[in-house]
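# return a 3D structure for these sequence lines:
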Amino acid sequence: MIETEIKLRWDGDADSARDHIEAHGYRAVGPRTLEADQLFDRASAELRRSGQILRLRIAGVRSTATYKGPADAGAGPYKSREEIEFDVTDATAFEEVLARLGYQRAFRYEKYRTKFAGGEGIVTLDETPIGIFIELEGPKYWIDAVAGGLGFGRVKYVTASYAALYGEYKAAHAEAPADMIFANDSFALP
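Sure thing, here's the model as predicted:
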């Protein structure tokens with residue numbers, strides 16, 4: 001599957017973002033959920049250097065493994081890349097397998113995510129330790145139409161990953177922890 005997405009940085013709080021999304025006709029399709037993500041790589045950082053991601057996500061009682069390939073350089077103002085995702089029934093065992101294969105946890109990040117019905121795509125509201133983001137995932141024409149309807153032009157599209165955005169944040173905030181986690185370190189490791 002090819003995933004195409006963008007993020008939009010929201011300048012207000014989560015409630016105002018939710019109100020804005022709902023005022024444009026989108027309705028939540030599930031509860032607000034803490035997603036605890038871990039990125040894995042080898043000590044050489046070969047995945048990061050090649051633009052690939054190996055992620056384990058824990059969201060409530062569900063654990064999901066995801067591989068993301070390098071971003072398509074010709075995707076314009078969108079991030080478009082191969083994505084392979086599957087459920088993991090035992091997150092601890094999956095981490096042990098990764099360790100045996102030489103992968104270690106390279107970065108972890110948290111966000112509260114609310115998903116909204118969006119026609120041909122999905123609108124998500126991400127509450128992160130570094131701010132509020134609206135993510136749009138779907139066909140490019142759908143992304144443009146929804147972003148425009150929400151009051152955002154292409155110049156506002158963000159294609160950086162949360163790891164890259166957190167790297168920028170850390171550069172300006174020396175006291176920031178190594179990982180993008182909430183202050184209470186609520187990261188839900190198995």
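# so for the protein, which residue is the most central one in space?
Geometric centre of the chain, nearest residue: Y162, 6.1 Å, by Cα atoms, centre = their mean.
# what about the spatially closest residue to R27 that is not a sequence neighbour, neighbour count?
Nearest in space to R27, with sequence neighbours left out and distances taken as Cβ to Cβ, 6 or more residues apart in numbering, is A117 at 5.5 Å. Heads up, the C-betas are built off the backbone N, CA and C, glycines and all. Using other Cβ atoms under 10 Å, A117 has 13 other residues around it.
# picking up where we left off before, wait, doesn't the residue nearest to the centre of the chain sit right on T128?
Yes - the criterion here is Cβ atoms under 8 Å, and Y162 meets it with T128 at 6.7 Å.
# shared neighbours of these two, anything?
Common neighbours of Y162 and T128, counting by Cβ atoms under 8 Å, 6 or more residues apart in numbering, are 109, 111, 180.
# avg pLDDT for the host helix or strand of the second one?
I take that to be K111. Using DSSP states H and E, K111 sits within strand 104-118. Averaging pLDDT along strand 104-118 gives 95.
# who are the contact partners of the closest residue to H20 other than its chain neighbours?
Among residues not flanking H20 along the chain, L150 sits closest, at 6.8 Å (Cβ to Cβ, 6+ apart). By Cβ under 8 Å, 6+ apart, the contact list for L150 reads 8, 20-21, 24, 134.
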